[in-house]
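In: Below: sequence and its predicted model.
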Amino acid sequence: MITFHPVRSVSTWFALCLLTAGFFVPGSRAEEPPLREPDLAIGLDVTEVRTGHLEVNARAERQSLAAPVAVTIQNRSSKTITTSAEITGRDRASASAELVKTEDSPNGQILHLQVLGHSPTFDESEVLLTITLKEGDTVRATKSLPVKVCVPTLLKLQGDVLYEGPAQPGLVNRALNMRTVPKAAVSHPEARLASMCLHDITLTVLDQYGDPLPAIYDKAPVWAALGKSDYETTNRTLRENSTFLDSVGFWQFVGGVTNMTIDPDRAEVQKFLSSPPPPCTDKQYAAYEPLIVQYQIGGYPVGSYQRQVTLKDSGDDHQPIMKIIFNPVSEPTETGSLPR
């Protein structure tokens with residue numbers, strides 16, 4: 001539980017304004033006084049707290065994410081009031097609250113809290129952030145709001161066809177290693193040179209309540225696996241709007257260098273990147289064998305999906321039409337690995 005310093009009335013002028021703010025309306029019942037605001041009030045900047053938790057962060061550690069909450073305490077009385085904030089409810093171990101800072105307001109204080117997620121909550125969970133105002137041992141006001149510890153659970157899909165249109169960026173030349181997107185299984189500064197046909201798809205992650213993740217998941221690491229292979233980092237992270245990019249396509253390794261940071265290898269890489277990739281051939285316009293891909297966001301699995309790609313002639317042999325079929329499956333049935 002967090003307990004704060006006493007809050008006293010700090011504005012007599014504002015109280016007087018409240019007392020003299022009434023006015024007469026002909027025909028109204030003058031004997032009825034205007035409604036008074038309470039001497040003590042608790043204001044919150046959210047109607048529920050949505051916090052989070054990572055099983056694996058960028059340093060391969062478990063990490064609680066912090067959701068900010070601003071609590072406004074108004075005290076128009078002359079009484080000394082003590083404020084406390086705590087996580088309550090049957091499943092209160094799923095979260096905790098910490099004070100970040102306080103600041104004065106015209107009639108009291110604004111308390112800036114952060115609510116940390118420790119384990120996922122569910123529809124039946126009971127977790128509350130409870131603010132209590134006390135005069136001595138007497139509770140004068142209290143307010144609670146629900147806390148959800150949201151975690152990555154599944155991808156948002158709308159129909160079988162995830163994308164159909166011109167491949168973006170299309171045909172490109174790339175130098176790949178373990179630091180790049182996509183990546184290859186060689187360590188920087190070594191690099192493998194690849195001619196590629198790529199499309200970058202945007203995937204949206206939903207939590208266990210079917211909603212996009214809160215913005216505090218920004219930069220959560222994205223991992224992937226093909227078939228039953230081990231998860232590997234994709235060198236991508238979740239964005240603030242609960243989406244991430246995945247590169248879908250085909251590539252052919254055509255060479256390699258041992259140190260792309262110094263000449264002559266650096267010059268060779270630059271020459272390769274600036275040269276046009278080979279165009280699509282007629283035999284490459286085809287429906288390819290489906291693959292099973294799995295994703296993890298911050299260490300939480302978000303499902304297994306069967307992905308099939310079809311290339312079609314668009315009239316531009318460097319930017320074919322790419323159709324991506326994407327369906328959830330119960331579990332992987334096919335082995336494979338990330339690009340090597």
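Out: Happy to help now that I have it.
In: Which residue is the nearest non-sequential neighbour of the residue most central in space within the chain?
Out: Closest to where the C-alpha atoms of the chain average out (CA atoms, centre = their mean) is Tyr217, at 3.0 Å. Excluding its sequence neighbours, the residue lying closest to Tyr217 (CB to CB, 6 or more residues apart in numbering) is Leu238, at 5.3 Å. Every C-beta, even on glycine, is put in place using the N, C-alpha and C of the backbone.
In: Could you list the buried residues of stretch 76-94?
Out: Applying a neighbour-count criterion of 16 or more other CB atoms under 10 Å, one finds 76-77, 79, 81-83, 85-87, 89, 91-92, 94 buried in stretch 76-94.
In: what separates that stretch from the chain centre, distance-wise?
Out: Distance of stretch 76-94 from its chain centroid, counting by CA atoms, centre = their mean, to the nearest Å, is 29 Å.
In: from what I can see Ile321 touches Cys280, true?
Out: No: counting by CB atoms under 8 Å, Ile321 does not reach Cys280; the two are 10.4 Å apart.
In: anything in contact with each of those two?
Out: Common neighbours of Ile321 and Cys280 are listed as Leu311, Asp313 (criterion: CB atoms under 8 Å, 6 or more residues apart in numbering).
In: Among those two, which residue is more densely surrounded?
Out: Taking neighbours as other CB atoms under 10 Å, Ile321 and Cys280 compare with Cys280 leading, 22 against 17.
In: Which pLDDT does the model give the more buried one?
Out: Cys280 carries a pLDDT value of 94.
In: Would you list the phi and psi of it?
Out: Backbone torsions of Cys280, given as degrees, to the nearest 10, read phi -70, psi 140.
In: do you know how far it is from Tyr300?
Out: In this view, Cys280 and Tyr300 are 38 Å apart by CB to CB, to the nearest Å.
In: before we move on, what about Glu55?
Out: In terms of CB to CB, Glu55 sits 6 Å off from Tyr300.
In: neighbour count winner among these two?
Out: Under the criterion of other CB under 10 Å, the comparison of Glu55 against Tyr300 puts Tyr300 first, with 21 against 16.
In: For that one, give me its contacts.
Out: Leu54, Glu55, Val151, Pro152, Thr153.
In: Can you report how many residues lie near the residue lying closest to the second one once chain neighbours are set aside?
Out: With CB to CB, 6+ apart as the measure, Gly299 is the residue that lies nearest to Glu55, at 2.9 Å, once sequence neighbours are left out. Close neighbours of Gly299, defined as other CB under 10 Å, add up to 20.
In: do you know how far Gly299 is from Lys323?
Out: 32 Å.
In: Please apply the same query to Gly170.
Out: The value you get for Gly170 to Lys323, if CB to CB is used, is 14 Å.
In: coming back round to it: narrow the contacts of Tyr300 to those that are buried.
Out: Using 16+ other CB under 10 Å, the buried members of these are Leu54, Glu55, Val151, Pro152, Thr153.
In: Let me see the contact set for the fourth one.
Out: Neighbouring residues of Pro152 by CB under 8 Å, 6+ apart: Val205, Leu206, Asp207, Leu213, Tyr217, Ala220, Leu238, Gln296, Ile297, Gly298, Tyr300, Val302.
In: And Pro328, by the same measure?
Out: Residues near Pro328 by CB under 8 Å, 6+ apart: Leu154, Leu155, Leu157, Gly303, Ser304, Tyr305, Gln306.
In: Then Tyr285?
Out: With contacts defined as CB under 8 Å, 6+ apart, the neighbours of Tyr285 are Leu311, Lys312, Asp313, Pro320.
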